[in-house]
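Undergrad: here's my sequence, what's the structure:
(2 chains)
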2 protein chains.
Amino acid sequence: MKKLRRSARIADMTQYLLERPRLLLPLTLFSERYGSAKSSISEDLQIIKDVFVMEGVGDLETVPGAAGGVKFLPDVHMAQVEEWMQELMQGLRTEQRMLPGGYLYLSDYLHQPQIVNKIGKIFGSLFAAQDVDCVMTVETKGIPLAYATAQVLNVPIVIARRDTKVMEGSVVSINYVSGSSKRIQTMSLSRRALPESSKVVIVDDFMKAGGTIRGMMDLLQEFKAEVVGACVFMESDTTTHRIVDEVYSLIRFNHDEQVQEPINLTLGNIFDKHSDKG
Amino acid sequence: MKKLRRSARIADMTQYLLERPRLLLPLTLFSERYGSAKSSISEDLQIIKDVFVMEGVGDLETVPGAAGGVKFLPDVHMAQVEEWMQELMQGLRTEQRMLPGGYLYLSDYLHQPQIVNKIGKIFGSLFAAQDVDCVMTVETKGIPLAYATAQVLNVPIVIARRDTKVMEGSVVSINYVSGSSKRIQTMSLSRRALPESSKVVIVDDFMKAGGTIRGMMDLLQEFKAEVVGACVFMESDTTTHRIVDEVYSLIRFNHDEQVQEPINLTLGNIFDKHSDKG
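TA: Got it, this is the predicted structure:
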């Protein structure tokens, strides 16, 4: 690349860093890319870091030494997240969304990249500084959300199937009881899809009693995997006993069989646990 | 936001534009955001534009007038894409990937955000300057790719289900014959998921004879939708007659029942049609 002025360097470094979250980039990469001294590159990075921190984009972590460099760690301001979640709940309350079985229609929200990417960034930020190997979900509705989270963490997505007819070599299947319907269901994952002893973040769109999340955790045990954490967009706070604790939620749906409208939504537990942040 | 120096402004504008592809942003938005004159903002945008064009990130389109502003249009350099695809094919050829029925195991590639986002950017760039309302796929394996494309086009993703038991109100189902297995299969889409007369880009991971793509096109007819285009990561060039023409592919898998290894891969038709670009 030809020698660039500071302003052009900063435009390029910004897009380069944003595309490579959590990856350690040696400063020589940039100094060679722009034909600039490392001291100039360090100054550029400080300018970008200040903007990222101020705007709630994330942080730049500098690792000193010969094997060092700079890493973009995505982050959010929890105060901004809470404000946005209040807006989102306001929108969700105003429409006919009740589905049979105590579910809510959320696909119009959870299919918009502008919304899904923001949620993925919130989930990803929770684990950005930790060691994570992949993000797991079970088909179908949670996949965009899990992908957006995987993108922020810069790790692969792993998708469990509800179908055992998947033709991808040997498959591990488990039966689980969906906490809401009490029906026995099956979930499968190809051996090839997940190396043993992986560190996994679980993501899903909706959790009722937690049977599906529990199913994923059981399936992961077969792969000797470690569950780093679990996140859902919405949890339904039913009177039934929850099967899983320690699942982050953004919104709580206080479902009452007797009352259909208005839909009763409150902030999820992510705001209790991370009220110290931002 | 406090008044920023040019270099800080450029870092912020770069991240702001990248997060909002194809959205018209009025210059006043930036001049108010930074307390800067519009003339300075225009100079900033020119610097970012030059870097984006040079690096194959995309282009900034300026729309003059009172209702005008600036739009980030994602784009790729096809020469870079071709080089990358050659690398990818080299990796795919070196491993045991044959699955029963003439399929290839691609999940390890198509679950990595760094790869999927690049492919989504290639697909999205084909239609970035056109009027597109959503990106459609059918569950499951094509969803990450379709989401990455939707993200680049900044439109919702629409996911057809193979299951008719979906509880999201009234559903349109069609039967279709999978070109490869000759079996009759079902595909459904909730009425609520797609407004009538939408302009749709179809995305999938793998196409054999094209039965699944044809199925999606038939389903879209029920919604009076217009198919703007269709893209697959890999097409299998079998001797059987293709059901659909005009589907862009990145890689062609020249499958021969008699020869298992090495896997015969060549560049897809996207390189014929767009050899003029970049």
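
Undergrad: show me the shaky parts of chain A.
TA: For chain A, the stretches flagged by pLDDT under 70 are A:1-2, A:164-167, A:179-181, A:238-243, A:245, A:260, A:273-278.

Undergrad: what's the neighbour count on A:T94?
TA: Counted with other CB atoms under 10 Å in any protein chain shown, residues neighbouring A:T94 total 10. Where you see a C-beta, it was placed from the backbone N, CA and C, and this is true even at glycine.

Undergrad: quick one, what contacts it?
TA: Taking CB atoms under 8 Å, 6 or more residues apart in numbering or on different chains, we find A:T94 in contact with no residue.

Undergrad: next, work out how far apart it and chain B are.
TA: According to CB to the nearest CB, to the nearest Å, A:T94 stands 16 Å off from chain B.

Undergrad: what does A:L110 give?
TA: Distance from A:L110 to chain B, by CB to the nearest CB: 9 Å.

Undergrad: and the strands in chain A, which stretches?
TA: Counting by DSSP state E, chain A has strands at residues A:58-63, A:69-74, A:98-99, A:103-104, A:134-138, A:157-160, A:171-177, A:184-190, A:199-207, A:226-236, A:248-253, A:265-267.

Undergrad: how about the residues of the stretch 101-250 of chain A near chain B?
TA: A:101, A:103, A:105, A:107-108, A:111-114, A:116-117, A:139-140, A:143-144, A:147-148, A:150-151, A:154-159, A:161, A:167-169, A:190, A:192-193 (CB under 8 Å from any CB of the partner chain).

Undergrad: now which of these would you call buried?
TA: Buried subset of those (neighbour count, 16 or more other CB atoms under 10 Å in any protein chain shown): A:103, A:105, A:107, A:111-113, A:116-117, A:139-140, A:143-144, A:147-148, A:150-151, A:154-159, A:161, A:168, A:190, A:193.

Undergrad: just the ones in helices from those, please.
TA: Using DSSP state H to define helices, the subset of those located there is A:S107, A:P113, A:V116, A:N117, A:I143, A:P144, A:Y147, A:A148, A:A150, A:Q151.

Undergrad: save those residues as a markdown table, and put in distance to B:Q86 too.
TA: Output for these, formatted as a markdown table (distance: CB to CB, whole Å):
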| residue | distance to B:Q86 |
| --- | --- |
| A:S107 | 38 |
| A:P113 | 29 |
| A:V116 | 32 |
| A:N117 | 30 |
| A:I143 | 29 |
| A:P144 | 30 |
| A:Y147 | 26 |
| A:A148 | 29 |
| A:A150 | 26 |
| A:Q151 | 25 |
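
Undergrad: just give me the closest of those residues to B:I41.
TA: A:N117 (25.2 Å; CB to CB).

Undergrad: contacts only, for that closest one.
TA: Per CB under 8 Å, 6+ apart, neighbours of A:N117: A:A148, A:Q151, B:E19, B:Q151.

Undergrad: can you rerun that using 7 Å?
TA: The contact partners of A:N117, taken as CB atoms under 7 Å, 6 or more residues apart in numbering or on different chains, are A:A148, B:Q151.

Undergrad: A:S188 reaches A:E168, doesn't it?
TA: No - with contacts counted by CB atoms under 7 Å, A:S188 stays clear of A:E168, the gap being 9.6 Å.

Undergrad: which residue is nearest the centroid of chain A?
TA: Nearest to the mean C-alpha position of chain A, counting by CA atoms, centre = their mean, stands A:T149 at 3.0 Å.

Undergrad: so that one versus B:G68, what's the distance?
TA: 36 Å (CB to CB, to the nearest Å).

Undergrad: now do A:G211
TA: 53 Å.

Undergrad: same check, this time on A:V247
TA: The value you get for A:V247 to B:G68, if CB to CB is used, is 46 Å.

Undergrad: tell me which of those two has more neighbours.
TA: Neighbour count, other CB under 10 Å: between A:V247 and B:G68, A:V247 has more, with 21 against 12.

Undergrad: what's the local residue count around A:L92?
TA: The burial count for A:L92: 19, using other CB under 10 Å.

Undergrad: check contacts around it.
TA: Contacts of A:L92 (CB under 7 Å, 6+ apart): A:I263, A:L265.

Undergrad: now it: how far from chain B?
TA: For A:L92, the distance to chain B - CB to the nearest CB - is 15 Å.

Undergrad: and what of A:G69?
TA: Distance from A:G69 to chain B, by CB to the nearest CB: 18 Å.

Undergrad: quick one, what contacts that residue?
TA: Applying CB under 7 Å, 6+ apart, the residues near A:G69 are A:L24, A:L25, A:P26, A:L27, A:V63.

Undergrad: make a markdown table out of these and add neighbour count.
TA: As requested, these are exported to a markdown table (neighbours: other CB atoms under 10 Å in any protein chain shown):
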| residue | neighbour count |
| --- | --- |
| A:L24 | 13 |
| A:L25 | 18 |
| A:P26 | 15 |
| A:L27 | 17 |
| A:V63 | 13 |
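
Undergrad: looking at these, which one is closest to chain B?
TA: Of all these, A:L25 has the smallest distance to chain B: 13.5 Å, by CB to the nearest CB.
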